[in-house]
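Q: Output the structure for:
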Amino acid sequence: MSNRRRIVILGKTGSGKSSLANTIFEDESFKIGRTANSETSKCGAITKSVNGRNITLIDTPGFFDTDRSEEELKPGIVRCITECAPGPHAFLIVLKVERFTEHEQAVIAKINQYFSEEVLKFATVLFTHGDQLEEGQTIEDFVLGNEPLSDLVKKCGGRCHVVDNKYWKNNQQDEYRNNQFQVKELLKTMDKISEANRGSCYTHKVLQAVEEKIKQEEELIRNMEPGNMSEIEIREKAKDRVCKKLLISVAAFTASEVLQAFLV
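A: Numbers count the residues shown, from 1 in each chain. Just a heads-up that it's a prediction; the model follows:
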């Protein structure tokens, strides 16, 4: 079983996706937005070693934003599909610890609309802003207090975790409210997902077809530019080419249709 994991981070703008990626990597690999506009206007992927595991985190645009146009979302979705091929080993659905308004309910409705039961076998709900938990409250306690949220976590096999990208960085007073502890627990969950799915990634015909096109482009690049590029550089160049071609091929489809093709 390969110890490399491709993990897709999904959530609405402002939920703390990029900060979460930095918390997992314990650095500032991903740029953080300081304004209301998303800094992740396009998909980004970075691979690093975390606790002995080779992990690729794929930070996505706000797929579940309720106020972004279809055309704004489409390039990010296509890039995500390209970065994920032949498929992700896990999805992190990022939500904030906060009172659930109609806006948050709309996000959960979108998740339920897009995600098939098969996808949710690979999904974990990850909460940010853990400092909003009441004293002594666990994330499981918080989830039980909201029926739609509780239903979503149940669909994800009961898997949920919490971090606080700002206040839990070096908390030595409370093990539970410590990001290092929480990331270790999250990685254990990722291992369990992998074991439950026999080490395989989530895939289907769209992702498999994209992977095949990437491999074809890699071969073309090797033949055209022999000896001049590393395998990593070849892979990146091949993904860029496939991504551009995909954007052209899905021009007639809406972002929602493209996303559903990726998640169904």
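Q: Contacts only, for Leu57.
A: Going by C-beta atoms under 8 Å, 6 or more residues apart in numbering, Leu57 touches 7, 9, 21, 24-25, 30, 45-48. All C-beta atoms are positioned from the backbone trio N, CA, C, and that covers glycine.
Q: What strands line up against whatever helix or strand it lives in, and which way round?
A: Taking DSSP states H and E as the criterion, the element that holds Leu57 is strand 53-59. Using DSSP bridges, strand 53-59 pairs in its sheet with strand 4-11 (parallel), strand 44-50 (antiparallel).
Q: from the middle of its chain, how far away would the first one be?
A: Averaged C-alpha coordinates place strand 4-11 at 4 Å from its chain's average position (C-alpha atoms, centre = their mean, to the nearest Å).
Q: Check pLDDT for the contacts of Leu57 and point me to the minimum.
A: Sorting the contacts of Leu57 by confidence puts Phe30 at the bottom, with a pLDDT of 87.
Q: Helix, strand, or coil at that one?
A: When the structure is split into helix, strand and coil by DSSP: H, G, I helix; E, B strand; the rest coil, Phe30 lands in coil.
Q: Ile58 versus the closest residue to it other than its chain neighbours, what's the distance?
A: The shortest distance from Phe30 to any non-neighbouring residue, by C-beta to C-beta, 6 or more residues apart in numbering, is to Ser18 (4.2 Å). As defined by C-beta to C-beta, to the nearest Å, Ser18 lies at a distance of 12 Å from Ile58.
Q: From Ala209, how far off is the closest residue to Val206 other than its chain neighbours?
A: Using C-beta to C-beta, 6+ apart and skipping the chain neighbours, the partner closest in space to Val206 is Ala261 (5.3 Å). Summarising the geometry, the distance separating Ala261 from Ala209, computed by C-beta to C-beta, is 11 Å.
Q: if you count what's nearby, which of the two comes out ahead?
A: The neighbour count for Ala261 versus Ala209, taken as other C-beta atoms under 10 Å, is higher for Ala261 (16 against 13).
Q: hang on, the earlier thing: go through the strand holding Leu57 and flag the buried ones.
A: Residues of strand 53-59 classed as buried: 55-59 (neighbour count, 16 or more other C-beta atoms under 10 Å).
Q: so which of those residues comes closest to His103?
A: In terms of C-beta to C-beta, no member of these lies closer to His103 than Asp59, at 21.6 Å.
Q: Good, wrapping up.
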